[in-house]
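S.K.: Predicted structure and sequence below. I'll ask about it afterward.
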Amino acid sequence: MFFKNYTIIFRIIKSSKFLTTQALTLFIITYIDWTLIPFLTKLEGTYLPIYMISFYMLIGALDGFIQPLFKNVKIYHIFLFAILLDISQIISYLIIYESVILFTYFLLSIFTIQGITFEISRVHTVDFMAEESIELKDYLMIRSLMISGAIVSGGLSAMIFDHLTKDLRILLAYLSLLGITGIYLQCNLYRTFKKRVSNNQIEIEKDKRELYEKFRI
């Protein structure tokens, strides 16, 4: 009986190309991170001192304090920053050939910043769901479903890769290809958000002019 709700959720996703792109992007980016996280956690325990691990945990927990600073930032600027982070993440995979310790620090830094950016983008994206005629409850449920599905898939992938090979570079090559796909989808979202924000600003300016003309008369 309760499983019919899944049908409703996927019907909502398919009804909007904008939401479909969001859901797929969220799944891919989260899947990449959670495939890497078990390996990164192992590297942390091997190479990082406790105080540095605690430092990164502390920084990651500051997202609630940081979000109000970005209350008025435009959503497409957040996505542009996320794109730059993802590009940096793919480039950081090359560092493992030079130094595993440096690779661990670099990747952990990117993951920490990504976590904060993720929370900021979630708050700002909600504003656009009304235009898609999607209820907030349904949108949040879709996000939770995509994230949970990506985390489970990422964990299983990490187990499979760890069983098949101990060469982390093979996994990084695979995730790089997925990352490029995720960046492409994020670029589409960036253009869509920028266009919508620009259109909204035009409408606001038009309403202001009409209101000004009305009072002037």
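M.R.: The structure has been received and is ready for your questions. Numbers count the residues shown, from 1 in each chain.

S.K.: now the helices for this structure?
M.R.: 4-14, 17-47, 50-60, 63-66, 75-92, 100-125, 136-164, 168-216 (DSSP state H).

S.K.: could those helices be laid out in JSON lines, adding mean neighbour count?
M.R.: In short, each C-beta sits where N, CA and C put it, glycine included. As requested, the helices of the chain are exported to JSON lines (neighbours: other CB atoms under 10 Å):
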{"stretch": "helix 4-14", "mean neighbour count": "13"}
{"stretch": "helix 17-47", "mean neighbour count": "18"}
{"stretch": "helix 50-60", "mean neighbour count": "13"}
{"stretch": "helix 63-66", "mean neighbour count": "12"}
{"stretch": "helix 75-92", "mean neighbour count": "18"}
{"stretch": "helix 100-125", "mean neighbour count": "18"}
{"stretch": "helix 136-164", "mean neighbour count": "15"}
{"stretch": "helix 168-216", "mean neighbour count": "14"}
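
S.K.: low pLDDT regions in the protein?
M.R.: Within the chain, the segments meeting pLDDT under 70 span 1-3, 130-132, 200-217.

S.K.: Try it again at 80.
M.R.: Where the chain drops to pLDDT under 80, the residues are 1-10, 12-14, 123-124, 126-136, 166, 197-217.

S.K.: nearest spatial neighbour of S109, skipping sequence neighbours?
M.R.: Spatial nearest neighbour of S109, excluding adjacent residues (CB to CB, 6 or more residues apart in numbering): Y56 at 7.6 Å.

S.K.: just I95 next, same as before
M.R.: F103 (4.3 Å).

S.K.: Just confirm the one you found contacts I96, I think it does.
M.R.: Yes. Applying CB atoms under 8 Å as the test, F103 and I96 come out as touching, 4.3 Å apart.

S.K.: thinking again about what came up before, ok, the residue nearest to I95 to I151 distance?
M.R.: For F103, the distance to I151 (CB to CB, to the nearest Å) stands at 23 Å.

S.K.: hang on, isn't S176 packed against I90?
M.R.: Yes. Under the criterion of CB under 8 Å, S176 makes contact with I90 at 5.1 Å.

S.K.: I am finished for the moment; much appreciated.
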